[in-house]
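Show me the folded form of this:
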Amino acid sequence: MKGSIYITIFCSVLFVSGCLHFSKMEMTSGRNANVCKKLTGEALLYVIYVNTRAGGNWGEFDMINRQDALGKAIDWIHDNAMDNDIDLQIRSAYCNDTSFPIKKDFHKRSLTDFLRTVPQEDVVSKLNRWSNYIAKQIGVKNKISGIKNLESLVTHLRNQNHVDNLGVIFMTNNYYKSESSIAINTNSNSLVEFAIIGNNDPVSIAHELLHLFGSVDFYRYPYGKQYWENKDIEFLKSEFPTSIMHLPSDKDPKNFTIDPFTKYCIGWTDSLETKYDGLNKGKTKMTQKIFKDH
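Reported below is the predicted structural model:
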């Protein structure tokens, strides 16, 4: 089984990011995989607000702000799709509001603390258990029989909404703190992919949404084994200087683009130019990485 997660932390003075892989993989292995396949046609984003100790409880004002940030991210993706003659309609559905609280803490106080302290080999299994618990809770509260985990919830939602492309987003309320955002199981065909988003930044949100549909990061980490060679990173910087898959440097989506390599990963093109063939090579295991870039 192949699995990967992408981690992002964004705030006004600090951007921290990491990525964890468990096997050799091609850079485009998330293309047309799992539930979030090609980012074309109709896609549904199912949003679940989660109360945690670190972020506290969601209030109505907080939810409105997060919905606004998600809307800006979706609008930016729609604009790029239109510019590339891609038929795309992303819509969002919200599982709950303040009258329907869902609470589930991470193994550690916050997702950031969790990712920094939990052994890398346990990260995926623990986050999958976290998401499965919430999915089961949703089934119980909505009196939907047969919801035992995230996979069964997604199956129910796909049938209910008559849609194949469905992305699950767990929202945590960490507006005033730096907190991780993460996309997990993005190149697996046995575990449902999902994202956990902990901030109101539309650039970070758009970055994670593209991960759900197969995109990969364009930057190296300061230590540990890598999936990009140094020469690849330099090529990506020069070839795609405005790509949103680089380490984002500001919060305005209009300053970023979707590059040709990412377009292929998310299904917007059917082939890669020959000069990009060398990028699609798997590397060895990666360890979790956290770093600061002031």
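
Return the helix or strand in the protein with minimum mean pLDDT.
strand 15-21 (a mean of 41; mean pLDDT, DSSP states H and E).

need the next SSE after it, C-terminal direction.
Next helix or strand after strand 15-21 toward the C-terminus (DSSP states H and E): strand 41-50.

contacts for that next one?
For strand 41-50, the surrounding residues in contact (Cβ atoms under 8 Å, 6 or more residues apart in numbering) are 36, 58, 63, 66, 70, 74, 87-97, 102-104, 134, 138, 154, 157, 161, 163, 165-173, 209, 213. For every residue, glycine as well, the C-beta is placed using N, CA and C.

repeat that for 7 Å
Strand 41-50 is contacted from outside by 58, 63, 87-96, 102, 104, 134, 157, 161, 163, 165-172, using Cβ atoms under 7 Å, 6 or more residues apart in numbering.

Strand partners (parallel or antiparallel) of that strand?
Counting by DSSP bridges, the strands paired with strand 41-50 are strand 88-94 (parallel), strand 165-172 (parallel).

now the following helix or strand past that strand and strand 165-172, what's the angle there?
Toward the C-terminus, strand 41-50 is succeeded by helix 60-83 as the next helix or strand (DSSP H and E). For helix 60-83 against strand 165-172, the angle by axes from the mean of the first three to the mean of the last three Cα atoms, to 10 degrees is 150 degrees.

And helix 60-83, what does it pack against?
strand 88-94, helix 202-212 (3 or more Cβ pairs under 7 Å, 6 or more residues apart in numbering; DSSP states H and E).

Mind listing residues that contact that helix?
Counting by Cβ under 7 Å, 6+ apart, 49, 88, 90, 92, 97-98, 171, 173, 175, 200-202, 205-206, 209, 253, 258 sit against helix 60-83.

and if we set it to 8 Å?
Contact with helix 60-83 is made by 39, 45, 47, 49, 87-88, 90, 92, 94, 97-98, 169, 171, 173, 175, 199-203, 205-206, 209-210, 253-254, 256-258, 268, as judged by Cβ under 8 Å, 6+ apart.

List buried residues within the residues you listed.
39, 45, 47, 49, 88, 90, 94, 169, 171, 173, 175, 199-203, 205-206, 209-210, 253, 256-258, 268 (16 or more other Cβ atoms under 10 Å).

which non-adjacent residue is nearest residue 179?
residue 198 (3.3 Å; Cβ to Cβ, 6 or more residues apart in numbering).

Report the contact partners of that neighbour.
9, 55, 110-112, 171-172, 174, 179-181.

Recalculate using a threshold of 7 Å.
Residue 198 is in contact with 55, 111, 172, 174, 179-181, counting by Cβ under 7 Å, 6+ apart.

Among the residues you listed, name the ones in strands.
Of the positions in the contacts of residue 198, 172, 180-181 sit in strands, assigned by DSSP state E.

What is the nearest of these to residue 123?
Among those, residue 180 lies closest to residue 123 (Cβ to Cβ), at 11.3 Å.

any idea of the mean pLDDT in the strand or helix carrying residue 132?
Assessed by DSSP H and E, residue 132 sits inside helix 120-141. Helix 120-141 shows a mean pLDDT of 92 in the predicted model.

got it, and stretch 203-211?
94.

how far is it from where the chain is centred?
On the basis of Cα atoms, centre = their mean, to the nearest Å, stretch 203-211 sits 6 Å off its chain's mean C-alpha point.

and residue 267, what does it touch?
Residue 267 sits next to 31-32, 37-40 when contact means Cβ under 7 Å, 6+ apart.

Quick check: the residue nearest to residue 179 vs residue 81, distance?
For residue 198, the distance to residue 81 (Cβ to Cβ, to the nearest Å) stands at 26 Å.
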